[in-house]
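*Asks:* mind folding the following:
(one chain, ligands or ions: 1)
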Amino acid sequence: MRIRLDKYLADLGIESRSGVKLLIKKGRVQVNGTVWNRPETKVDTEADQICLDGRNLTYYDYEYFMLNKPAGVVSASRDPRSLTVLDLIDSKTRKDLFPVGRLDRNTTGLLLVTNDGALAHCLLAPGRHVEKVYRVQLDGAVESADQTAFREGIDIGDDTPTLPAMLEIPDASRPEEVLVRIHEGRYHQIKRMFAARGRQVVGLKRLSMGPLLLDDTLEEGESRRLTGTELAELKSLEHH
Ligand code: URA
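*Replies:* Numbers count the residues shown, from 1 in each chain. Predicted coordinates:
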């Protein structure tokens with residue numbers, strides 16, 4: 001992509017548009033090893049090497065991060081009172097990042113953070129039914145009647161019952177710790193589904209979203225960029 005040199009630097013959050021113009025005029029910016037002092041020059045975001053004060057920069061048009069969300073932070077880009085998931089991503093360069101969907105404040109686990117609106121739309125569109133898997137800790141044992149109810153759809157007070165969902169008990173000796181697979185994303189959906197069955201959720205962690213699986217080497221609060229393979233798998237959803 002060819003963009004103006006001042007936009008290149010401003011997009012990276014280095015300074016405001018007028019601030020970066022000054023940096024350029026002061027000769028602090030090099031393009032392919034040569035000082036360029038015209039902010040309006042076009043640079044190629046992939047082919048040209050831009051340096052600020054001798055430091056090489058990398059331009060990201062789109063960024064994609066996987067975060068293992070800890071409890072206590074909000075799934076928003078900005079919040080006047082609380083730490084947000086964006087505050088946890090140190091290596092970001094784009095200012096237009098947002099979380100793809102929301103996890104409740106006390107929910108942990110996989111959250112995709114990007115500025116790719118088309119991909120986000122595709123993952124969240126109700127008609128797409130992208131699968132999400134959660135590990136759920138309950139205040140008591142789940143029974144086979146609950147599994148049937150999840151499979152058939154549950155009235156949680158919305159206009160329509162939930163879509164068929166899978167409720168699995170991975171370890172029969174611990175029937176209060178389950179996996180749930182849902183294909184929609186209604187407000188407080190998992191908590192409301194269990195509440196309708198007389199159970200309370202005491203711990204909730206998202207393990208996957210479509211083809212994207214939480215990297216279990218990420219501690220809560222840690223994030224990393226998606227790998228090429230992960231991104232390709234997500235992008236393939238856009239073509240279906
Ligand atoms: N369902 C919930 O109840 N909360 C979440 O954060 C995600 C799914």
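
*Asks:* what's the first helix or strand after the longest strand seen in the chain?
*Replies:* Criterion DSSP state E: the longest strand present in the chain is strand 201-209. Downstream of strand 201-209, the first helix or strand assigned by DSSP states H and E is strand 212-213.

*Asks:* show me the beta-bridge partners of the residue nearest the centre of the chain.
*Replies:* By Cα atoms, centre = their mean, the chain has its centre lying nearest to Leu112, at 1.6 Å. For Leu112, the beta-bridge partners are Met66 (DSSP bridges).

*Asks:* partner strands of the longest strand of the chain and their direction?
*Replies:* Take DSSP bridges as the rule and strand 201-209 pairs in its sheet with strand 108-114 (parallel), strand 132-138 (antiparallel), strand 212-213 (antiparallel).

*Asks:* roughly how far is the last one from the heart of the chain?
*Replies:* The chain centroid and the centroid of strand 212-213 are separated by 11 Å, computed with Cα atoms, centre = their mean, to the nearest Å.

*Asks:* tally of neighbours for the residue nearest to Ala118 when sequence neighbours are not counted?
*Replies:* Spatial nearest neighbour of Ala118, excluding adjacent residues (Cβ to Cβ, 6 or more residues apart in numbering): Glu238 at 6.6 Å. To be clear about C-beta, it is placed using only N, CA and C from the backbone, and glycine gets the same treatment. Residues within reach of Glu238, counting by other Cβ atoms under 10 Å, total 12.

*Asks:* ok, Glu238 - contacts?
*Replies:* Going by Cβ atoms under 8 Å, 6 or more residues apart in numbering, Glu238 touches 118-119, 122.

*Asks:* buried residues, stretch 190-207. List them.
*Replies:* Across stretch 190-207, burial judged by 16 or more other Cβ atoms under 10 Å covers 190-194, 196-197, 199, 201, 203-207.

*Asks:* those: which ones sit near the ligand?
*Replies:* Among the buried residues of stretch 190-207, the residues within reach of the ligand (Cβ under 6 Å from any ligand atom) are 190-191, 204.

*Asks:* okay, those residues in a markdown table with pLDDT next?
*Replies:* Below are those laid out as a markdown table (pLDDT from 0 to 100):
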| residue | pLDDT |
| --- | --- |
| Ile190 | 98 |
| Lys191 | 98 |
| Leu204 | 98 |
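
*Asks:* on that earlier part again, winner for burial among the strands paired with strand 201-209?
*Replies:* With neighbours defined as mean count of other Cβ atoms under 10 Å, these peak in mean count at strand 108-114, which reaches a mean of 23.

*Asks:* list of residues touching that strand?
*Replies:* For strand 108-114, the external contacting residues (Cβ under 8 Å, 6+ apart) are 62-71, 75, 85-86, 89, 92, 97-101, 103, 120, 123, 134-135, 204-209, 212-214, 220, 223, 226, 234.

*Asks:* quick one: that strand near the ligand?
*Replies:* No - using Cβ under 6 Å from any ligand atom, strand 108-114 never reaches the ligand; the gap is at least 8.8 Å.

*Asks:* next one: that strand to chain centre, how far?
*Replies:* Counting by Cα atoms, centre = their mean, strand 108-114 is centred 4 Å from the centre of its parent chain.

*Asks:* show residues contacting the next helix or strand after it.
*Replies:* Counting by DSSP H and E, the element after strand 108-114 in chain order, helix or strand, is helix 117-124. Outside helix 117-124, the residues within contact range by Cβ under 8 Å, 6+ apart are 64, 98, 100-101, 112, 114, 128, 130, 185, 209-210, 234-235, 237-238.

*Asks:* what about those, which are in strands?
*Replies:* Filtering these for strands - DSSP E - leaves 64, 98, 112, 114, 209.

*Asks:* what about the fourth one, distance to the ligand?
*Replies:* Remark: distance between Thr114 and the ligand (Cβ to the nearest ligand atom, to the nearest Å) = 19 Å.
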